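S.K.: Generate coordinates for the sequence data below:
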Amino acid sequence: MNVFLTGATGTVGREVYRALVQRDVGVRVGARSPETVGEVLPDARDVAQLDYDAEPINAAAFEGMDALFFMTPLIENQVAASCRVLKAAVDAGISHVVRLSSRSAAWDERSELRAWHRDIDEAVRASGATWTVLRPSSFLQNFITYQADTIRTMSSVIVPQGDGLISYIDALDIGEAAAQCLVRPDLHGGATHVLTGGRAYGVKGVAAEIGRVIGKPLTYIDIEEEQARAMMLQSGAPGWLVEAGLSVFAHAKAGGEAAVDPALTRIIGRPATSLSDFVERNRDAWR
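M.R.: Prediction:
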């Protein structure tokens, strides 16, 4: 089996790559700048140029591939661009698409990004290929991507989440689930899977565990939404991405992000990675 992999250098994509390689699946990595792939995935040998902004999309890049792991870049025109890529892939003969969406796409009517997710999900379902849609909850890796600097320099985690709980998921687990859905369309075709961790945590609990492992106490600073919006906009994040993040924090504060779904364990055949195991594996990220 051969899989075309988008988003391979990102948080989830690199885990999908590793899980597929472990299964001896042929992987072709699509990237806007193929020369950068080797920096993240030095053993990747089959790399094709894929530019979501290109018109038309080069369908030849997908030739010989059986399945597509379909992530979309964080760009404002992602719906139109993604639909072009999807059509090119299916026209080239790809018969199964595993789409990485978001759990928030099921409830978030506030942000543009979630509406875009829903539009792309529907395009996948209507593509003519068999499909699986994965909707993961917030990543444990967010405490690295967005909080590592404040943990290192201020011994703090700063988010507007109140006492809300989130069933955070490890991207490693998403990678394993995606790989399983890619190689077994007979089991997962036509399914929309919500993927969560095995337990919901508040930020205080996550901060306490990180602090325990790295050997210094951390403070949770619960800021107001307006403060968070100003900080995120000042960092250069586009408004539509800021609002998508804030909607998740607000939903968590209202109790909407705590639910744990059993789908992940059914797909990968083991419990979700625990918070303790995640923190132990990534302890150097906060030092």
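
S.K.: mean confidence score for stretch 174-185?
M.R.: In this model, stretch 174-185 carries a mean pLDDT of 98.

S.K.: For that stretch, list every residue counted as buried.
M.R.: 174, 175, 176, 177, 178, 179, 180, 181, 182, 183, 185 (16 or more other Cβ atoms under 10 Å). C-beta coordinates here come from the backbone N, C-alpha and C atoms, glycine included.

S.K.: Kindly report the same for stretch 111-122.
M.R.: Neighbour counts over stretch 111-122 (16+ other Cβ under 10 Å) mark 111, 113, 114, 115, 116, 117, 118, 120, 121 as buried.

S.K.: Pick the one among these closest to residue 159.
M.R.: Residue 159 lies nearest to residue 111 out of the buried residues of stretch 111-122, by Cβ to Cβ, at 16.6 Å.

S.K.: list the helices and strands the helix or strand of the chain with the lowest mean pLDDT packs on?
M.R.: Scoring the helices and strands of the chain by mean pLDDT, DSSP states H and E places helix 37-40 at the bottom, with a mean of 93. Applying 3 or more Cβ pairs under 8 Å, 6 or more residues apart in numbering; DSSP states H and E, we find helix 37-40 packed against no helix or strand.

S.K.: what sits up against it?
M.R.: 8, 9, 14, 29, 31, 44, 47 (Cβ atoms under 8 Å, 6 or more residues apart in numbering).

S.K.: Pick the one among the residues you listed closest to residue 22.
M.R.: Using Cβ to Cβ, those come closest to residue 22 at residue 14, 12.8 Å.

S.K.: That closest one contacts residue 44, doesn't it?
M.R.: No - taking contacts as Cβ atoms under 8 Å, residue 14 lies outside contact range of residue 44: 9.9 Å.
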